[in-house]
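> Would you be able to build a 3D model of this:
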Amino acid sequence: MQTPSEVLNIGADVAKDEIVVACSEGSFPVRKIANQRAAVRGE
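Numbering: from 1, shown residues only. Below is the predicted model:
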């Protein structure tokens, strides 16, 4: 197993209609998906 060289702080806001995921370091853009089983599973 590799040891990570950097720690990422990632947060998720889970609401009734959508889930928003963000990284405090800006490593990836903010992502929003519908809070529905098919959307979470990527179907």
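> For stretch 19-35, list every residue counted as buried.
19, 22 (16 or more other Cβ atoms under 10 Å). For glycine as for every other residue, the C-beta is placed from the backbone atoms N, C-alpha and C.
> And the average pLDDT for it is what?
The pLDDT scores in stretch 19-35 average 90.
> gap between the two ends of that stretch?
By Cα to Cα, to the nearest Å, the extent of stretch 19-35 from end to end equals 6 Å.
> Would you point out which residue is most central in the protein?
For the chain, residue 21 is the residue whose C-alpha lies nearest the centre (Cα atoms, centre = their mean; 3.2 Å).
> helices or strands next to the helix or strand that contains that residue in the packing?
Assigned by DSSP states H and E, residue 21 belongs to strand 18-23. Using 3 or more Cβ pairs under 8 Å, 6 or more residues apart in numbering; DSSP states H and E as the contact criterion, the secondary-structure elements in contact with strand 18-23 are strand 10-14, strand 31-34.
> and the angle for that strand with strand 10-14?
Put simply, strand 18-23 runs at 170 degrees to strand 10-14, going by axes from the mean of the first three to the mean of the last three Cα atoms, to 10 degrees.
> Check which strands are paired with strand 18-23 and give the direction for each one.
The partner list of strand 18-23 in its sheet, established with DSSP bridges, is strand 10-14 (antiparallel), strand 31-34 (antiparallel).
> now the first one, how far from the chain's geometric center?
Here the centre of strand 10-14 is set off from its chain's centre by 6 Å, with Cα atoms, centre = their mean, to the nearest Å.
> circling back to that earlier point, I'd say the residue nearest to the centre of the chain and residue 12 touch.
Yes - shown here, residue 21 and residue 12 form a contact pair, counting by Cβ atoms under 8 Å, at 4.9 Å.
> circling back to that earlier point, quickly list what the residue nearest to the centre of the chain is bridged to.
On the basis of DSSP bridges, residue 21 is bridged to residue 12, residue 31.
> what's the spacing between it and residue 3?
Distance from residue 21 to residue 3, counting by Cβ to Cβ, to the nearest Å: 24 Å.
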